[in-house]
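Trainee: Model the following, please.
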Amino acid sequence: RVDRVHAGKPGLPHRQQLADRVVVARQLLVELGADRPDLAGAVAGATLVVDYGRPSKRGRRVFGGIVPWNRVWRTGANLATHFTTDRALKFGNDELPPGRYTLWTLPSESGWMFIVNNQVQQWGTDHDARFDRFRIPMNVGALPALVEKFTILVEPFAAGGVIRMRWDTLEASVPFTVGR
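Mentor: Numbers count the residues shown, from 1 in each chain. Got it, this is the predicted structure:
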């Protein structure tokens with residue numbers, strides 16, 4: 001799988017090839033079932049780290065069940081999901097400077113919101129909206145197969161990347177671009 005990362009990408013600088021391989025290796029760890037993976041890699045020149053807990057479905061109703069509709073969710077398990085970037089990112093019209101943040105979501109049957117919060121090191125039930133940097137709508141769709149463990153992926157997309165969150169039969173995603 002690592003070898004396929006560079007198909008059709010001749011001339012990538014060696015550093016970028018290594019960074020891409022790190023992304024793929026970390027995503028393989030996620031797919032193999034690590035419960036608190038530290039997903040790190042480079043997307044469009046930005047080094048990104050996502051630290052999150054991976055709850056399992058275990059036969060339970062997920063959305064509208066253990067993850068209630070219309071309530072801010074920690075977007076994982078246990079500690080809040082942490083996100084670090086070394087470059088400025090743009091989510092829709094909202095700018096995110098380099099730094100460390102927490103990621104939250106607000107799932108609802110009519111659509112999801114992606115929330116970036118300035119507060120870090122808190123437990124996953126301690127969301128404080130006073131520290132929200134921004135909230136933007138997410139793209140939500142059905143998955144072709146059930147995903148047992150909650151999974152976050154960061155993938156290259158267009159002039160930046162996309163953060164994908166998959167669990168049960170849903171995927172919620174949000175694109176971003178990388179500043180210069």
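
Trainee: Now do stretch 158-170: everything it contacts.
Mentor: 43-44, 46, 48, 50, 55, 57, 62-63, 75, 89-90, 103, 105, 114, 140-143, 146-147, 149-155, 171-178 (CB atoms under 8 Å, 6 or more residues apart in numbering). From N, CA and C alone the C-beta is placed, and that goes for glycine too.

Trainee: Just the buried residues of those.
Mentor: Buried members of the contacts of stretch 158-170, counted by 16 or more other CB atoms under 10 Å: 43-44, 46, 48, 50, 55, 57, 62-63, 75, 89, 103, 105, 114, 140, 147, 149-154, 171-178.

Trainee: Show only the entries of these found in strands.
Mentor: Members of the buried ones among the contacts of stretch 158-170 lying in strands (criterion: DSSP state E): 43, 46, 48, 50, 89, 103, 105, 114, 140, 147, 149-154, 171-178.

Trainee: Give me the residue ranges of the chain where confidence is low.
Mentor: 1-38 (pLDDT under 70).

Trainee: can you map out the helices along it?
Mentor: Ranges of helices in the chain, per DSSP state H, are 14-31.

Trainee: residues contacting K149?
Mentor: Counted by CB under 8 Å, 6+ apart, K149 has contacts 33, 54-57, 167.

Trainee: Reformat those residues as TSV; add distance to R135.
Mentor: Conversion of those to TSV gives the following (distance: CB to CB, whole Å):
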residue	distance to R135
G33	31
R54	24
P55	23
S56	28
K57	26
W167	20
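
Trainee: give me the number of residues near V162?
Mentor: Around V162 there are 16 other residues, counting by other CB atoms under 10 Å.

Trainee: give me every residue that touches the nearest residue to it once chain neighbours are set aside.
Mentor: Leaving aside its chain neighbours, V162 sits nearest to P175 (4.7 Å; criterion: CB to CB, 6 or more residues apart in numbering). Taking CB under 8 Å, 6+ apart, we find P175 in contact with 91, 157-158, 160-162.

Trainee: same check, this time on V72
Mentor: So V72 contacts 104-106, 115, 127, 129 (CB under 8 Å, 6+ apart).

Trainee: picking up where we left off before, now list the buried members of the contacts of P175.
Mentor: 91, 157, 160-162.
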